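In: Quick one: sequence and predicted model below, then my questions.
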Amino acid sequence: MFETQRNSIEVSAFTLEGKTLSGHRGRYAIATQIHAQPGVNIYTGTETATGVSVWIKEYYSFWWTASDIQQIEVALEQLETIDFRSGGVQDFRLLIPQDVFASVKDQRCYLVLRPPHHPGRSLKNYLEAQGSLSAATVRYLLSQVLQSLWFLHGQMIDFADGQMQKGTAHGNLSLESLVIVPESTAWNAQFQVYLQDLELWEGVVRSMTSTIAPRSLNEQKQQDLRALGTIAAQLLLGELNPPEHWNAIEDPRWNEITDQSLKQFIQQLMELESPAFSGAKAARKQLLSLPAVVESSPNESEIQDELASIELGQADRPPLYFKIAFALTICGLIANLSLLWANGGVLETPKFEFNNLIQNKR
């Protein structure tokens, strides 16, 4: 969802650009709107006290009353004490709000988040631009997401009213809620996958209009695994918009995938094949024990290009002739330095015998 370019959807007349918002935990200077869709606007900004970059998600509805806004704010305040840090240096790549507040006057609710260390792109955006992912890349991505879900599903949650809960589900896994982030600004083949749009917060905003009956926490956790299986199948097939009730194993392209171990694993995630996984931890353990994938196509350079294309805004890599010319220049420099060293650090000036040359001409 959080892309580095302005979304093509028309920006609403009410904009926060250039304004400052006061939340419960700080003040935020709004810079640029980067996403707009009915009911949700997203802006970049900074926390004025620290200068730290933030994202501000703005929710609005013309149907909300002052009472609705107050109910949403009270519900969001119950989530302010939630801390998903592991107590160590481990980063489980969860993009969760650091501040939540509402404005009855403006009929809006706000969630403030800190963005990842480098700009990223949603999986949906990646598929739109690049198409399918290789089996090796899908394995790498699944391992990270399952690790995040294992932590999320098992972490003790403390609510502001004193209640505690063993874990929560993501509840909104999709191509838009998974964000690929490169590990550095330089070109490399490593990336991390962040999870955003958690139902714990998104559901509060939607609760004013949603009529869907709530499900048990265990069912929500299992739904996370099923959704991840569907996402993995979409990535392998390059399926951006699957039809309703889409079944990946009935898609003719599914038979073209050669990584049989991965296909069986994905089918178990989607509960299309028994046994179903007991949880994210068990699923990740089996994923890591799968036989190594051997792919004849694409070749290694193509895989590196696929992973590199995950990063936005990178300049084109130098062409081959530029690399050859650069290498020859370095070799020439080394040869000159070697000659200089052999002559004791001084190169004698060439002497020409002009008299001999004149006599020879005669």
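Out: The structure has been received and is ready for your questions. Residues are numbered from 1 along each chain as shown.
In: I'd like to know how far the spatially closest residue to Gln196 that is not a sequence neighbour sits from Asn255.
Out: Excluding its sequence neighbours, the residue lying closest to Gln196 (C-beta to C-beta, 6 or more residues apart in numbering) is Leu95, at 4.1 Å. Quick note: C-beta positions are derived from backbone N, CA and C, even for glycine. Computed as C-beta to C-beta, to the nearest Å, the Leu95 to Asn255 distance reads 36 Å.
In: Pick out whichever of those two has more residues nearby.
Out: Leu95 (20 against 9; other C-beta atoms under 10 Å).
In: Next up, the contacts around that one.
Out: Listed by C-beta atoms under 8 Å, 6 or more residues apart in numbering, the contact set of Leu95 reads 113-116, 179, 194-196.
In: Give me the distance between it and Trp246.
Out: 27 Å.
In: Which strand residues bridge Tyr59?
Out: Beta-bridge partners for Tyr59, by DSSP bridges, are Val40, Cys109.
In: Tally up the residues packed near it, please.
Out: 21.
In: So what touches the host helix or strand of Ala282?
Out: Using DSSP states H and E, Ala282 maps to helix 280-288. The contact list for helix 280-288 (C-beta under 8 Å, 6+ apart) reads 139, 142-143, 146-147, 149-150, 153-154, 221, 224-225, 265, 268-269, 277.
In: Show the average pLDDT along that helix.
Out: Averaging pLDDT along helix 280-288 yields 96.
In: Start at 710, not 1
Out: Sounds good: first residue 710 from here, last item helix 989-997.
In: Now do the contacts for the nearest residue to Arg962 once chain neighbours are set aside.
Out: Distances taken as C-beta to C-beta, 6+ apart put Leu946 closest to Arg962, at 4.9 Å, once the chain neighbours are dropped. Neighbouring residues of Leu946 by C-beta under 8 Å, 6+ apart: 841, 957, 960, 962-963, 966.
In: Ok, Gln976 next?
Out: Taking C-beta under 8 Å, 6+ apart as the test, what Gln976 contacts is 938, 957-958, 982.
In: Would you list the buried entries among those?
Out: Buried members of those, counted by 16 or more other C-beta atoms under 10 Å: 938, 957.
In: mind listing the strands for the protein?
Out: 729-731, 736-746, 749-756, 762-769, 808-812, 817-822, 830-831, 865-867, 873-875, 887-891, 900-904 (DSSP state E).
In: Buried residues, the longest one. List them.
Out: Using 16+ other C-beta under 10 Å as the burial criterion, the residues of strand 736-746 that qualify are 737-740, 742-745.
In: likewise the fourth one?
Out: By neighbour count on 16+ other C-beta under 10 Å, the buried set for strand 762-769 is 763-769.
In: so Ser770 makes contact with Pro747?
Out: No. Between Ser770 and Pro747 there is no contact under C-beta atoms under 8 Å: 9.2 Å.
In: Look at these two and report which has more neighbours.
Out: Neighbour count, other C-beta under 10 Å: between Ser770 and Pro747, Ser770 has more, with 18 against 9.
In: And that one, how far from Arg848?
Out: Ser770 is 41 Å from Arg848, by C-beta to C-beta.
In: Over to Leu945?
Out: Taking C-beta to C-beta as the measure, Leu945 falls 10 Å from Arg848.
In: What of Lys833?
Out: 20 Å.
In: Might you list the low-confidence residue ranges for the stretch 710-859 of the chain?
Out: Applying pLDDT under 70 to the stretch 710-859 of the chain flags the ranges 710-722, 793-799.
In: what about the helices in it?
Out: Along the stretch 710-859 of the chain, counting by DSSP state H, counting those that start in this stretch, helices occupy 775-786, 832-839, 844-863.
In: among these, which is nearest Ser970?
Out: helix 844-863 (9.1 Å; C-beta to C-beta).
In: Show me what that closest one is packed against.
Out: For helix 844-863, the elements it packs on are strand 887-891, strand 900-904, helix 926-946, helix 969-978, helix 989-997, helix 1009-1017, judged by 3 or more C-beta pairs under 8 Å, 6 or more residues apart in numbering; DSSP states H and E.
In: The fourth one versus helix 989-997: what angle between them?
Out: Interaxial angle of helix 969-978 relative to helix 989-997 (axes from the mean of the first three to the mean of the last three C-alpha atoms, to 10 degrees): 160 degrees.
In: what about dumping the CA coordinates of helix 969-978 to CSV?
Out: C-alpha atoms of helix 969-978 as CSV (Å, rounded to 0.1, in the frame of the first residue of the first chain):
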residue,chain,number,x,y,z
GLN,A,969,6.8,-30.2,-6.4
SER,A,970,7.8,-29.9,-2.7
LEU,A,971,6.9,-26.3,-2.6
LYS,A,972,3.6,-26.9,-4.4
GLN,A,973,2.6,-29.6,-1.9
PHE,A,974,3.6,-27.2,1.0
ILE,A,975,1.4,-24.4,-0.5
GLN,A,976,-1.5,-26.8,-0.9
GLN,A,977,-1.2,-27.7,2.8
LEU,A,978,-1.2,-24.0,3.7
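In: That helix to helix 844-863, inter-axis angle?
Out: For helix 969-978 and helix 844-863, the angle between their directions (the same axes, to 10 degrees) works out to 30 degrees.
In: So for helix 969-978, what gets flagged as buried?
Out: Buried residues in helix 969-978, counted by 16+ other C-beta under 10 Å: 970-972, 974-978.
In: Gln780: which of those residues is nearest?
Out: Nearest to Gln780 among the buried residues of helix 969-978, with distances taken as C-beta to C-beta, is Leu978, at 36.2 Å.
In: Make sure the closest one is actually in contact with Gly988.
Out: No. Here Leu978 lies out of contact with Gly988, judged by C-beta under 8 Å, at a distance of 11.6 Å.
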